[in-house]
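Colleague: this is the structure alone, sequence omitted:
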């Protein structure tokens, strides 16, 4: 790795679900999004521990959480759960910036990609979430390249998030 490369860090994207979390990571220069895998657990603390490992392994500077807005742009109960998870994640992982990113239709788009690739229905479920995470990350990266001046307005430093007792994930 050259000196120039060591100054760059990666971006990690998560497609959050209560049983499965799709994971994708950028290259060092923030040009591409690669699906990494799926975290399978219903226990938030186990998911956070695995995310901590990924942050260290990939030297992550930004975590992008897919935000499941309703089709009309409002936040429903699933979006509230994602925010609570993000707040809990920001308390556990110091350093990376946390970004909430619109994930509407990424699961449907990932299914479409897998169907077009000829993947059978049973196998699609195993890959859907990590492809959705890669799509979330790709959209985020494309927006960063197109509108770099807006970057600061879209990001929330993890240390600035506050949580109340009723905000704890189930």
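Modeller: Right, received. Where do you want to start? Keep in mind that what you see is a predicted model, and the values were worked out from it rather than measured. Numbering: from 1, shown residues only.
Colleague: touching, residue 24 and residue 13? I think so.
Modeller: Yes. If you go by C-beta atoms under 8 Å, residue 24 and residue 13 touch, sitting 4.6 Å apart. To be clear about C-beta, it is placed using only N, CA and C from the backbone, and glycine gets the same treatment.
Colleague: who touches both of those two?
Modeller: 33, 133, 134, 136, 137 (C-beta atoms under 8 Å, 6 or more residues apart in numbering).
Colleague: let's see which of those end up in strands.
Modeller: Among the shared contacts of residue 24 and residue 13, the members found in strands (DSSP state E) are residue 33.
Colleague: so where do the helices sit in this structure?
Modeller: 3-6, 44-58, 77-92, 106-116, 121-146, 151-154 (DSSP state H).
Colleague: any low-confidence regions in this structure?
Modeller: Counting by pLDDT under 70, the chain contains low-confidence residues at 1-7, 105, 108-111, 114-115, 117-119, 124, 148-170.
Colleague: quick one: which of the helices of the chain is nearest residue 99?
Modeller: Nearest to residue 99 among these is helix 151-154; the distance by C-beta to C-beta comes to 6.0 Å.
Colleague: who wins for proximity to residue 100 among the helices of the chain?
Modeller: Here helix 77-92 is closest among these (C-beta to C-beta), at 6.6 Å.
Colleague: what helices or strands is the closest one leaning on?
Modeller: Using 3 or more C-beta pairs under 8 Å, 6 or more residues apart in numbering; DSSP states H and E as the contact test, the elements touching helix 77-92 are helix 44-58, strand 60-67, strand 97-102.
Colleague: I appreciate the help and will end here.
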